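What shape does this take:
(chains A, B and C)
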Amino acid sequence: SASQPSSQVEPGADRKPSAYETLEVTSEDGITKIMFNRPTKKNAITTQMYHEIMLALKAAGKDDSSVTVLTGNGDYYSSGNDLTNFTDLPPGGPEEKAKNSAILLRDFIDCFIDFPKPLIAVVNGPAVGISVTTLGLCDAVYATDRATFHTPFSHLGQSPEGCSSYTFPKIMGPSKATEMLIFGKKLTAREACAQGLVTEVFPDSTFQKEVWTRLKAYAKLPPNAMRISKEIMRSREKEKLRAINVEECNVLQERWLSDECMNAVMNFLSRKAKL
Amino acid sequence: SASQPSSQVEPGADRKPSAYETLEVTSEDGITKIMFNRPTKKNAITTQMYHEIMLALKAAGKDDSSVTVLTGNGDYYSSGNDLTNFTDLPPGGPEEKAKNSAILLRDFIDCFIDFPKPLIAVVNGPAVGISVTTLGLCDAVYATDRATFHTPFSHLGQSPEGCSSYTFPKIMGPSKATEMLIFGKKLTAREACAQGLVTEVFPDSTFQKEVWTRLKAYAKLPPNAMRISKEIMRSREKEKLRAINVEECNVLQERWLSDECMNAVMNFLSRKAKL
Amino acid sequence: SASQPSSQVEPGADRKPSAYETLEVTSEDGITKIMFNRPTKKNAITTQMYHEIMLALKAAGKDDSSVTVLTGNGDYYSSGNDLTNFTDLPPGGPEEKAKNSAILLRDFIDCFIDFPKPLIAVVNGPAVGISVTTLGLCDAVYATDRATFHTPFSHLGQSPEGCSSYTFPKIMGPSKATEMLIFGKKLTAREACAQGLVTEVFPDSTFQKEVWTRLKAYAKLPPNAMRISKEIMRSREKEKLRAINVEECNVLQERWLSDECMNAVMNFLSRKAKL
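Residues are numbered from 1 along each chain as shown, chains lettered A, B, ... in the order given. Predicted structure coming up:
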């Protein structure tokens, strides 16, 4: 039942850290930590990594931890969608690629919408794109003062995902949400905190120590009370969030095939190749 | 009609202050003031006090004042639900107690949802639990800088009430609401103001003077315009708030019978008894 | 289609600046600028000006600019509804006047609700009444630190319009929205920014330079991406905003005929006549 976290071992729950190639997943002190682990690539999210994060979230939702943490290894939290994903075309060409990508994105975001216990982002450095928009679906967001928050969708000819077209205006009001989502303004950690996207900012020098001390204390609270409190807050919006996710993915599927997007991605990749 | 505040004397409207045992209610300068009056108990709310607040709110809604104020006598605004309420078991035992408490809570919160004129909280000191969550249903909240805001629901094995599972994420975004409602973080007055729960904070030394000067000015504004402006803002959400109230009370009714809650309350009361 | 801004010339799109008597409308660098142009009257909005703003917005929505800007000429952004509008009675008397005014207001606000591309307010000075409430329907709001934000509806026996009874509580939480909309508190630019109504505040001395530099950069972003991103955020709320607009206008139509409102407007105009 909803009030009793299952203690049975689910498929995936007993995976060793080494079971993931792009993540490091550990569980300790009532906390399951899912760490993005492509530090040399700024933790950019490849297709494989999307699948591994989904697997890890599903396992964490069912294990006996009280809270789940997302964080990044290295200097970045995550630079977002790995744009080389765009270059790996299936037999059906760009149309099939766009369709597959929309399905993957939808399923990925649904894992955040449906996550059944407190999900906390420990933002250890800059965050870009989908690693920013998904923060609006997390229950708490702690950030180092070195973190930045950047969603350059228009620059790439794209449009908001991760339910951010709904959560961001709700969190920060439309006039601040527009500047991020439509005009691509990059926020500092303090700005993101003032606007409610981030729960609290810590000096980088003490960030890990302060945050983990706090998280360990939270993880000792009665777990059923926490699950049920989250459920009562989230369940009311779940249907709406799922519909918005579908809508955003449909719009993006078209966007990915537009000239604006294709040109922008091409420019990005060719600039990168020249470096 | 909605646009004409009734001037007829309603039952309860002519109660003398002495008609209440746990409150002091006065009416002056267009302002009805409902003051929690158990200062030696930090204005903890007993079953009797819940009933008296409901009576006082119903009377104030119908009297000829323009605005209504909630405040506390002494150092505290209110320490919230008096946990000794849990010890007074009816013949039907804990199940009947939980059922009765859920009905009382639902009716109490409905009085806030339905209140027909500006309802202003003058938070003269620390606020805990239900005295915090009901602020989300008030129209303005003025606080001394000595006030704190604390909702330790998880610590007590409980879950949010007073529609806070809806109003708090709406007011401050989910990431700040979670820290209060799920992790039980205590906010200072300045933090609560930055997050929109509090309208304005005043130095404790000038708090009463500044706030009451302002309230007296507000109370001189055209009363029908104020009622109708509140109505247009509230009416749209009333059905939703009532449904959320019912849902929260149902969840709490189960929570109160859980081991997590019973153990937490027992620990609290036995610690208190040892002091 | 929604994703292809029409490049055909629409009626009104080729109007010369001189085609408007109360506005100056120019288009340059991908930006259509609609400037309120009654500086000696603090850009108070007359019946004629309401109609011209609607025409200008409809034309700008269809021209080939990427973003549209609203701003004021002179010291004020706009002092809001020109109260002399109330004195120009049609044959049907106050009832007909109130009815016509409600229709005009409804149509005016619908132009903001339906505007199809980023709509940015450049608030060059104090804003009052409807020039404040409509900011909640803009996509970004840049303000000089000289600007103030004032909605003295209760003082005039009136009630909120421009969907502010919905957008303001959503943007700043009910306790701050009430202080503006019901108690008529005037906000500074910094306060309005802290509460999310304003996107960013600039020193008056560099305001125009900084804002227009930024706007010109934004106007170079892919226009379809921006339109579609706005559409995905706005479309979801459009039906609700339209219903709220109708409701607010209906309430105001009654308010305008109330003693509270008639007395307040009469006092205002007679005080003004004595100056």
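
Chain B contacts on chain A?
A:3, A:118, A:135-136, A:138-141, A:167, A:170-172, A:194, A:196-200, A:218, A:221-222, A:224-226, A:228-230, A:232-233, A:236 (C-beta under 8 Å from any C-beta of the partner chain). In this view, the C-beta of every residue, glycine as well, is placed from N, C-alpha and C.

and stretch A:103-112, which residues are buried?
Using 16 or more other C-beta atoms under 10 Å in any protein chain shown as the test for burial, stretch A:103-112 gives A:104-106, A:108-112.

hang on, A:Ser164 packs against A:Gly136?
Yes - taking contacts as C-beta atoms under 8 Å, A:Ser164 lies within contact range of A:Gly136: 5.6 Å.

Between the two, which is the more surrounded one?
Per other C-beta atoms under 10 Å in any protein chain shown, whichever of A:Ser164 and A:Gly136 has more neighbours is A:Ser164, with 32 against 25.

List the residues that contact the more buried one.
A:Ser164 makes contact with A:132-133, A:136, A:151, A:177, A:181, according to C-beta atoms under 8 Å, 6 or more residues apart in numbering or on different chains.

Check it and give its pLDDT.
At A:Ser164, the pLDDT value in this model is 98.

Then A:Gln4?
At A:Gln4, the pLDDT value in this model is 41.

Find the closest residue to chain C in the stretch 151-275 of chain A.
A:Gly173 (3.4 Å; C-beta to the nearest C-beta).

That residue touches C:Ala194, doesn't it?
No - between A:Gly173 and C:Ala194 there is no contact under C-beta under 8 Å: 11.0 Å.

how about the residues of chain A that lie near chain C?
A:153-160, A:165-166, A:169-170, A:172-179, A:181-184, A:194-195, A:244, A:247-248, A:251, A:254-255, A:258, A:260-261, A:264.

List buried residues within these.
By neighbour count, with 16+ other C-beta under 10 Å, the residues of chain A next to chain C hold A:153-160, A:165-166, A:169-170, A:172-179, A:181-184, A:194-195, A:244, A:247-248, A:251, A:255, A:258, A:260-261, A:264 as buried.

measure A:Arg227 to B:Ala264 for me?
Distance of A:Arg227 to B:Ala264, computed by C-beta to C-beta, to the nearest Å: 16 Å.

How about A:Pro126?
40 Å.

same question, A:Thr134
33 Å.

just A:Met172 next, same as before
Distance from A:Met172 to B:Ala264, by C-beta to C-beta: 35 Å.

for A:Glu52, same thing?
On the measure of C-beta to C-beta, A:Glu52 and B:Ala264 end up 38 Å apart.

Kindly report the same for A:Thr178.
44 Å.

and what of A:Leu83?
Applying C-beta to C-beta to A:Leu83 and B:Ala264 gives a distance of 50 Å.

re the thing from before, just put the buried residues of stretch A:103-112 in CSV and tack on pLDDT and secondary structure.
Shown next, in CSV, are those (pLDDT from 0 to 100; DSSP: H, G, I helix; E, B strand; the rest coil):
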residue, pLDDT, secondary structure
A:Leu104, 97, helix
A:Leu105, 98, helix
A:Arg106, 98, helix
A:Phe108, 98, helix
A:Ile109, 98, helix
A:Asp110, 98, helix
A:Cys111, 98, helix
A:Phe112, 98, helix
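
what's the closest of these to B:Thr188?
Nearest to B:Thr188 among the buried residues of stretch A:103-112, counting by C-beta to C-beta, is A:Phe112 at 30.9 Å.

Indicate the residue of chain A located nearest to chain B.
Closest point on chain A to chain B, by C-beta to the nearest C-beta, is A:Gly196, at 3.4 Å.

how many other residues sit next to that residue?
A:Gly196: 27 neighbours (other C-beta under 10 Å).

Let me know the pLDDT of the residue lying closest to it once chain neighbours are set aside.
Among residues not flanking A:Gly196 along the chain, B:Gly173 sits closest, at 3.4 Å (C-beta to C-beta, 6 or more residues apart in numbering or on different chains). You'll see B:Gly173 listed with a pLDDT of 92.

could you list every residue that touches B:Gly173?
Contacts for B:Gly173 (C-beta under 8 Å, 6+ apart) come out as A:170-172, A:196-197.

among those, which are in helices?
If you go by DSSP state H, those have A:170-172 in helices.

what residues does the lowest-mean-pLDDT helix or strand in chain A touch?
Scoring the helices and strands of chain A by mean pLDDT, DSSP states H and E places helix A:259-274 at the bottom, with a mean of 86. Contact with helix A:259-274 is made by A:83-84, A:86-87, A:94, A:155-158, A:255-256, C:222, C:224-225, as judged by C-beta under 8 Å, 6+ apart.
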